[in-house]
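[1] need coordinates for the below:
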Amino acid sequence: MNFDVVIKNGTVVTSEATYQADVGIKGEIIAAIGQGLQGARELDATGKLVIPGAVDVHVHEQMPLPSGVVSADDFFTATRAAAYGGTTTVIDFVQPMGDESMLAALAARQAEAAPKVVIDYGLHMTIGPTEITKLDQVAAAYQAGCASFKLYMAYGLRLTDDQLFQALQAVKTVGGLPVIHAENWDVICTLIAQNLAAGRNTPAWHPRSRPALLEGEAAGRAIDLATYIETPLYIFHVGCNETVQRIAAARQRGLPIMGETCPQYLFLTDAAYDQAGITGALPVCAPPLRSQADQDSIWQALAHNTLQVVSTDHCPFVSADKARGLAAQDFSQIPGGVPSIEMRLAGVYQGVRRGHFSLNRWVEVCCTTPARLFGLTRKGVIGVGYEADVVIFDPEQSKTLSTQTLHENVDWTPYDGLTLTGWPITTLSRGEVIVAEGQFVAHAGRGRFVRRTLL
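    Predicted coordinates:
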């Protein structure tokens, strides 16, 4: 059989096995895995790893804040950067506004994304306080392809415990997966006010206003509510040992509690906030960066499956927007978020090089498990019948990260000067080469919305 594309002579790495094989692609599907395959187009992967396209289940593209600031990457620039970095599917968010229905909000968000996306995408449906009166719409949102629902314990979208209880019940009823931002907002607001009143207004007070102990408390409270309701729960952006321990204790009891971390918690610490001026403001994100001990704990949690996924929470803002908080002499006004969408896959590969975990575990946390947990049933696997989202990864290519070497639409990177060994060189999305030997060769609008259901 002749194939449209054959990836030849590479080392195929899946979440379960590592072996030498060619990968044959027909149309958008992996049609064969074997030896000596031939195709109309052949890509030589000698000395390279052939892995599933990575899946990032937590991104914020062209996200508006109440202040009027909008995250710097739109659906094109973010998904292009993702493709450069070996990510072939992302999941963003829908946030209904006011009386807007969930389905109307979903349609509007899809209309924003459709002409711009380079890779395939899904959407989480947000349930904020105004959606508590719309919980009868959760079933329709699920049927429309939003299989996961974002719940907040912070910001203006924060749900009180009774609202959180109702939202978890509603999501359980339709078989969806609740995903949660867990922090203790009441205490955070109190600490911010106390620190500002005392003149403590620099970015160094950002992590001190969001204590790790109470981040763990909030995660534990959410876990307890989910346990009472008997629903699974997925905890976003885990960066401290206190939350790791809450998740570990739940999983030891056999509870379906899952968690993710992000590159910022694997490569940065709260020392970044002590830098002078705008430099200390740039890495402000929530939950905040933590200590070196917390970073070590996160690597170990990934290795031992206490945490199952690495996403990014990619939500960059340009320096001028970050500077607004400094000008206001109020660290709480600094827009929160960092850019990581391009470096995630290669960044987590450093865990293999450092001996934290295996090649297979790397693929598991970046590709296979996020696809499985979030209903991307034809992605995240190198296997016959799966969509041909495939990455050729050079384990020896080094890249020093900077705004010159990365492609996010932002004028800074928190990883400036960090050298990673191992980098994706060719990315295929549904059988189409979209990055070829480090060159972007696709176009805006080729990505598709993926309707997700959970098995």
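[2] kindly list the longest helix within this structure.
    helix 212-229 (DSSP state H).
[3] how distant is the next helix or strand after that helix from the center of its chain?
    Per DSSP states H and E, the first helix or strand lying C-terminal to helix 212-229 is strand 233-235. Once both centres are worked out by C-alpha atoms, centre = their mean, to the nearest Å, strand 233-235 turns out to sit 13 Å from its chain's centre.
[4] same question for stretch 68-88.
    12 Å.
[5] contact partners for the closest residue to Thr405 other than its chain neighbours?
    Nearest non-adjacent residue to Thr405, counting by C-beta to C-beta, 6 or more residues apart in numbering: Lys399, 5.9 Å away. Quick note: C-beta positions are derived from backbone N, CA and C, even for glycine. Shown in contact with Lys399 (C-beta atoms under 8 Å, 6 or more residues apart in numbering): 346, 405, 419-420, 423.
[6] let's see that with 6 Å instead.
    Residues near Lys399 by C-beta atoms under 6 Å, 6 or more residues apart in numbering: 405, 420, 423.
[7] what of Lys8?
    22, 42, 44.
[8] now list the buried members of those.
    Asp22 (16 or more other C-beta atoms under 10 Å).
[9] so which of the contacts of Lys8 comes closest to Val318?
    Lowest distance from Val318 to these (C-beta to C-beta) belongs to Asp44, with 39.5 Å.
[10] bridging residues for the closest one?
    Lys8 (DSSP bridges).
[11] what pLDDT does it get?
    Each residue has a pLDDT score; the one for Asp44 is 98.
[12] could you do the one 10 residues further on as well?
    On the pLDDT scale, Ala54 is placed at 99.
[13] if we can go back for a sec, a markdown table for the contacts of Lys8, including distance to Pro211?
    Shown next, in a markdown table, are those (distance: C-beta to C-beta, whole Å):
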| residue | distance to Pro211 |
| --- | --- |
| Asp22 | 53 |
| Glu42 | 55 |
| Asp44 | 52 |
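[14] so which helix or strand takes in the nearest residue to Gln333 once chain neighbours are set aside?
    In space, and not counting its chain neighbours, Gln333 is closest to Gly325: 3.9 Å by C-beta to C-beta, 6+ apart. Using DSSP H and E, Gly325 maps to helix 319-327.
[15] look up how far Met153 lies from Leu159.
    7 Å (C-beta to C-beta, to the nearest Å).
[16] dump stretch 393-403 to CSV, restricted to CA.
    Extracted in CSV, the C-alpha atoms of stretch 393-403 (Å, rounded to 0.1, in the frame of the first residue of the first chain):
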residue,chain,number,x,y,z
PHE,A,393,11.2,15.6,17.8
ASP,A,394,15.0,16.0,17.8
PRO,A,395,16.3,14.9,21.2
GLU,A,396,19.7,16.6,20.7
GLN,A,397,18.7,20.0,19.2
SER,A,398,19.3,22.8,21.7
LYS,A,399,17.4,26.0,21.8
THR,A,400,17.9,29.0,24.0
LEU,A,401,14.6,30.6,24.7
SER,A,402,14.1,34.3,24.0
THR,A,403,11.6,36.5,22.2
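[17] sorry, back to before: need the next SSE after the helix or strand encompassing the residue nearest to Thr405, C-terminal direction.
    Using DSSP H and E, Lys399 maps to strand 390-400. Downstream of strand 390-400, the first helix or strand assigned by DSSP H and E is strand 419-429.
[18] quick one: the helices in the stretch 201-350 of the chain?
    205-208, 212-229, 241-252, 263-267, 278-281, 292-303, 319-327, 344-353 (DSSP state H, counting those that start in this stretch).
[19] in a markdown table: the ones you listed, plus distance to Lys379 and mean pLDDT.
    Output for these, formatted as a markdown table (distance: least, C-beta to C-beta, whole Å; pLDDT from 0 to 100):
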| stretch | distance to Lys379 | mean pLDDT |
| --- | --- | --- |
| helix 205-208 | 35 | 98 |
| helix 212-229 | 26 | 98 |
| helix 241-252 | 25 | 98 |
| helix 263-267 | 21 | 98 |
| helix 278-281 | 37 | 97 |
| helix 292-303 | 21 | 98 |
| helix 319-327 | 33 | 93 |
| helix 344-353 | 14 | 99 |
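[20] determine which stretch of those is the most buried.
    Neighbour counts averaged per stretch over the helices of the stretch 201-350 of the chain are highest for helix 263-267, at a mean of 24; criterion: mean count of other C-beta atoms under 10 Å.
[21] can I have the buried ones of the contacts of Lys399 as a PyMOL selection?
    Command for PyMOL that selects the buried part of the contacts of Lys399, burial taken from 16+ other C-beta under 10 Å:
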select buried, resi 420+423
